[in-house]
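Q: Predicted model follows, preceded by the sequence.
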Amino acid sequence: MNRTTQGWIFGFLGMLVFSGSLPATRLAMAGFDPIFLTVARAVLAGAMAAAILLLTRQAWPGRREISSLLIVSLGTVVGFPLLTALALQYITAAHSVIFIGLLPLSTAIFGVLRGGERLRPVFWLFSGLGSALICGYALRNGVNGALAGDLLMLCAIVVCGLGYAEGATLSRKMGGWQVICWALVAALPVMLVLLFLTMPASFASIDAASWWSLAYVAIFSSIVGFLLWYRGLALGGIGAVGQLQLLQPFFGMMLAAVILSENVDQAMVLVTMAVIACVFGAKRFARPVARQG
């Protein structure tokens with residue numbers, strides 16, 4: 001099996017893990033404040049990441065890697081979880097996952113800016129078409145979420161795309177799991193302080209579903225998913241494998257319908273088929289443009 005195929009397999013598995021993030025966050029917010037939820041998941045994930053790094057005796061990152069790790073940390077450990085949790089105060093999980101369809105385009109753009117990738121024009125055509133289909137699906141359903149929630153989700157997509165691209169570029173040097181573990185550890189000192197500042201007076205009223213959801217976003221969304229995702233991006237290319245997240249809104253919608261009983265209409269099936277075609281089209285033309293000279 002070649003590197004590109006492995007990259008798409010790892011990327012697909014990572015995408016599946018991430019599909020449960022927003023529904024789980026919405027469920028966890030039934031018991032937790034969004035800021036405390038963001039901090040708690042970062043602390044739990046950071047503690048596990050620190051243990052992994054210690055047990056495997058990893059060398060400390062060099063000075064050149066630290067700035068990139070901070071970008072990854074701000075984008076994926078702090079920015080995206082916090083902004084999405086805040087957005088979910090105004091919009092449903094099913095509505096929020098529609099915006100994830102814009103994440104592949106954001107990742108590809110930052111892959112060019114930060115990772116130095118050069119992709120073919122046809123690739124950008126399929127990527128843009130897939131993103132347009134996602135937006136069209138949202139418009140068909142009215143986009144009746146609060147403006148604040150939509151703007152927060154757009155900001156989340158920008159910072160997450162930057163974090164994905166930066167992490168994937170750095171993982172070529174450090175390895176995917178090392179990147180996300182060090183990014184989590186970089187945020188841990190600040191998050192520990194914020195944990196005590198934002199901790200609720202009592203946990204007595206928090207139900208089991210909120211606790212299990214917190215565990216999911218801390219373990220799977222913050223560590224396991226990134227291990228798979230960064231591995232996929234590093235092997236298959238940032239812009240190419242990143243297109244798999246065009247499928248994430250639909251997996252997320254299905255989970256929102258099953259877990260949260262949120263409404264998902266039949267038009268999703270047709271849009272899903274069209275988006276899958278865009279993913280395969282992007283994959284077909286994802287080979288980077290050869291550099292001149």
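A: In hand now; what should we look at?
Q: Please save the CA atoms from the helix or strand harbouring A24 in CSV.
A: Using DSSP states H and E, the secondary-structure element containing A24 is helix 21-28. Below are the C-alpha coordinates for helix 21-28, written out as CSV (Å, rounded to 0.1, in the frame of the first residue of the first chain):
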residue,chain,number,x,y,z
SER,A,21,-17.0,16.3,18.2
LEU,A,22,-19.8,18.9,17.8
PRO,A,23,-22.7,16.6,18.8
ALA,A,24,-20.7,15.5,21.8
THR,A,25,-19.9,19.2,22.7
ARG,A,26,-23.6,20.1,22.4
LEU,A,27,-24.5,17.2,24.7
ALA,A,28,-21.8,18.1,27.2
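Q: which residues touch it?
A: Surrounding helix 21-28, the residues in contact under the criterion CB atoms under 8 Å, 6 or more residues apart in numbering are 37, 81, 84-85, 88, 92-93, 96-97, 100, 209-210, 213-214, 216-217, 220-221, 225, 252, 255-256, 259-260. Just so you know, the C-beta spots here come from the backbone N, C-alpha and C atoms, and that holds for glycine as well.
Q: secondary structure element for Q58?
A: Using DSSP H and E, Q58 sits in no helix or strand.
Q: before we move on, what about A187?
A: In the assignment (DSSP H and E), A187 maps to helix 176-198.
Q: buried set for that helix?
A: When neighbours are counted by 16 or more other CB atoms under 10 Å, the buried residues of helix 176-198 are found to be 176-188, 191, 194-195, 198.
Q: likewise stretch 213-222?
A: With burial defined by 16+ other CB under 10 Å, the residues of stretch 213-222 counted as buried are 213-214, 216-222.
Q: one step back: how far does the helix holding A187 sit from its chain's centre?
A: Between the centre of helix 176-198 and the centre of its host chain there is 17 Å, according to CA atoms, centre = their mean, to the nearest Å.
Q: Quick check: next helix or strand after that helix?
A: The element immediately downstream of helix 176-198 (helix or strand, assigned by DSSP H and E) is helix 208-216.
Q: chain center to the lengthiest helix in the chain: distance?
A: For the chain, the helix with the greatest residue count under DSSP state H is helix 147-174. For helix 147-174, the distance between its averaged C-alpha position and the chain's averaged C-alpha position is 7 Å (CA atoms, centre = their mean).
Q: Quick check: mean pLDDT of it?
A: Per-region confidence: helix 147-174 scores 85 on mean pLDDT.
Q: in that helix, what counts as buried?
A: By 16+ other CB under 10 Å, the buried positions in helix 147-174 come out as 149-150, 152-153, 155-171, 174.
Q: tell me the mean pLDDT over stretch 184-191?
A: According to the model, stretch 184-191 has a mean pLDDT of 94.
Q: who's in contact with it?
A: Residues lying outside stretch 184-191 but in contact with it, judged by CB under 8 Å, 6+ apart, are 39, 42-43, 45-50, 53, 66, 69-70, 73, 77-78, 222-223.
Q: thought L13 was touching L227?
A: No - with contacts defined as CB atoms under 8 Å, L13 does not count as touching L227, sitting 9.6 Å away.
Q: Those two: who's more crowded?
A: L227 (22 against 18; other CB atoms under 10 Å).
Q: Check the gap between that one and V112 for me.
A: 24 Å (CB to CB, to the nearest Å).
Q: And for L69?
A: Between L69 and V112 the distance, using CB to CB, works out to 21 Å.
Q: Contacts only, for T4.
A: In this structure, T4 makes contact with 235-237, 240, judged by CB under 8 Å, 6+ apart.
Q: Looking at the residues you listed, which are in strands?
A: Using DSSP state E, no member of those falls within strands.
Q: Which of those residues ranks first by neighbour count?
A: Each of those was scored by neighbour count (other CB under 10 Å); the top score is that of A240, with 29 neighbours.
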